[in-house]
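Peer 1: structure of the sequence below:
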Amino acid sequence: MASVIGSKALAPKAVVAELSRPGPYPVLRGELALVGLPGVVFTPASGTGLPAVAFGHDWLQPAARYLGLLRHLASWGIVAAAPDTQRGPVGSHRGLAQDLRTALGVVSGVRLGGTARGAAVSVDPGKLGVAGHGMGAGSAVLAAAVPAADTQVQAVGEPYWEVGHGVAVQAVATVALTDTQPSAVEAARAVHVPGMHLAFGRDLVSPPAAGAELLDKAWGGESSLRTVKKATHLGLLEGRHWSDVLLDGKGEPATRTLVRALLTGYLLHRLGGDGRYAAAFDGIVKGTEPGSG
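Peer 2: Presented below is the predicted three-dimensional model:
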């Protein structure tokens, strides 16, 4: 784990108040498609040795419905990439997991922004995380699973993951997780890095008891669970999409604001080593209920 930058932890209320607002860094947007992977990447305008996260979308959802979240993370100094793949009705969970790892390989292995004289932005390959919403949360867990052998993880006796890219995931965050095929809950037993799991209390698509709570209990490493009490499954999403008629819930500004703050604080702490934001995942936060751990 990275060394702690801040020695005095902020109170939970202060963490949420600070990190709900955009951060201090100007933000640039780029396209992962330039290196062959459909998707977007947001970075601070400059910085070296930055943390990075690859974010997975929910079932049927375009990456465009998370642009505000990605921009917010970048404004706080976190490079944020989101593959725009596996969006069909039978999109591959394994495929999205692969794409998340590919996105991390891209942002940590190529020059981001800058000029011909050198890179304005660089990512520390030791500060990489994965996160996601719904189906994308499950795929993030698959992407983080420690391999049972040198090149693959096994679930129910069947190899389903090839590592690739030499990417070492250091932290995982899930939001309103929907289990996947193969099962993210089963794969969680092989994940030994910290995980933060946000459940949505009014989620009828993936109720906490059927998703995040099972994941938290199965997690192989340090795990924290928090329920955003009034959030529905679609609460994190931005804008409108034809798929809204198929899923319960709606976009909720309050949910988006709270998730942005909690996710930002968690990543700054776990990837950036900033102890000031520890309360983002283990403190009492209004509108949420911590899990039993």
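Peer 1: for stretch 218-226, which positions count as buried?
Peer 2: Buried residues in stretch 218-226, counted by 16 or more other CB atoms under 10 Å: 218, 219, 220, 223, 224, 225, 226. Backbone N, C-alpha and C define where each C-beta goes, glycine included.
Peer 1: which residues sit in contact with residue 81?
Peer 2: 32, 39-42, 52-55, 70, 103-104, 106-107 (CB atoms under 8 Å, 6 or more residues apart in numbering).
Peer 1: which ones among those residues lie within strands?
Peer 2: Here DSSP state E is the test, and these give 39, 40, 41, 42, 52, 53, 54, 55 as lying in strands.
Peer 1: excluding chain neighbours, give the residue nearest to the fourth one in space.
Peer 2: Translated: residue 42. In space, and not counting its chain neighbours, residue 42 is closest to residue 74: 3.9 Å by CB to CB, 6 or more residues apart in numbering.
Peer 1: ok now do that neighbour, which residues does it touch?
Peer 2: 23, 25, 27, 28, 42, 43, 44, 80.
Peer 1: how far away is it from residue 43?
Peer 2: 6 Å (CB to CB, to the nearest Å).
Peer 1: who touches both of those two?
Peer 2: 27, 28, 80.
Peer 1: I'd say the first one and residue 47 touch.
Peer 2: This points to residue 27. No: applying CB atoms under 8 Å as the test, residue 27 and residue 47 come out as separate, 11.2 Å apart.
Peer 1: returning to that earlier point: which among the contacts of residue 81 end up buried?
Peer 2: 32, 39-42, 52-55, 70, 103-104, 106-107.
Peer 1: quick check, nearest of those to residue 91?
Peer 2: Of all these, residue 91 sits closest to residue 39, with 13.8 Å by CB to CB.
Peer 1: distance of that closest one from residue 265?
Peer 2: 25 Å.
Peer 1: which stretches in the stretch 151-293 of the chain count as helices?
Peer 2: Ranges of helices within the stretch 151-293 of the chain are 184-187, 212-218, 253-270, 279-282, based on DSSP state H, counting those that start in this stretch.
Peer 1: where does pLDDT dip in the stretch 101-250 of the chain?
Peer 2: Regions of the stretch 101-250 of the chain meeting the criterion pLDDT under 70 cover residues 111, 113-119, 146-165, 241-243, 245.
Peer 1: tally of neighbours for the residue found closest to residue 20 once you drop the neighbours it is linked to in the chain?
Peer 2: Of all residues not flanking residue 20 in the chain, residue 261 sits nearest, at 4.5 Å (CB to CB, 6+ apart). Residue 261 is flanked by 22 other residues according to other CB atoms under 10 Å.
Peer 1: doesn't residue 23 make contact with residue 261?
Peer 2: No: using CB under 8 Å, residue 261 makes no contact with residue 23, being 11.0 Å away.
Peer 1: and the longest strand anywhere in the chain, what's buried?
Peer 2: Under DSSP E, the strand in the chain containing the largest number of residues is strand 121-133. Using 16+ other CB under 10 Å as the test for burial, strand 121-133 gives 121, 122, 123, 124, 125, 127, 128, 129, 130, 131, 132, 133.
Peer 1: and what of stretch 202-217?
Peer 2: 202, 203, 205, 206, 207, 208, 211, 212, 213, 214, 215, 216.
Peer 1: mind picking the two most distant members of the contacts of residue 74?
Peer 2: Between all members of the contacts of residue 74, the farthest pair (by CB to CB) comes out as 23 and 28, at 13.6 Å.
Peer 1: coming back round to it: with distance to residue 96 added, can I get the helices of the stretch 151-293 of the chain in TSV?
Peer 2: Putting those into TSV (distance: least, CB to CB, whole Å) gives the following:
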stretch	distance to residue 96
helix 184-187	11
helix 212-218	17
helix 253-270	18
helix 279-282	24
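Peer 1: right, and those - which one's nearest residue 62?
Peer 2: Closest among the helices of the stretch 151-293 of the chain, using CB to CB: helix 253-270, at 16.2 Å.
Peer 1: no further queries at this time; thank you.
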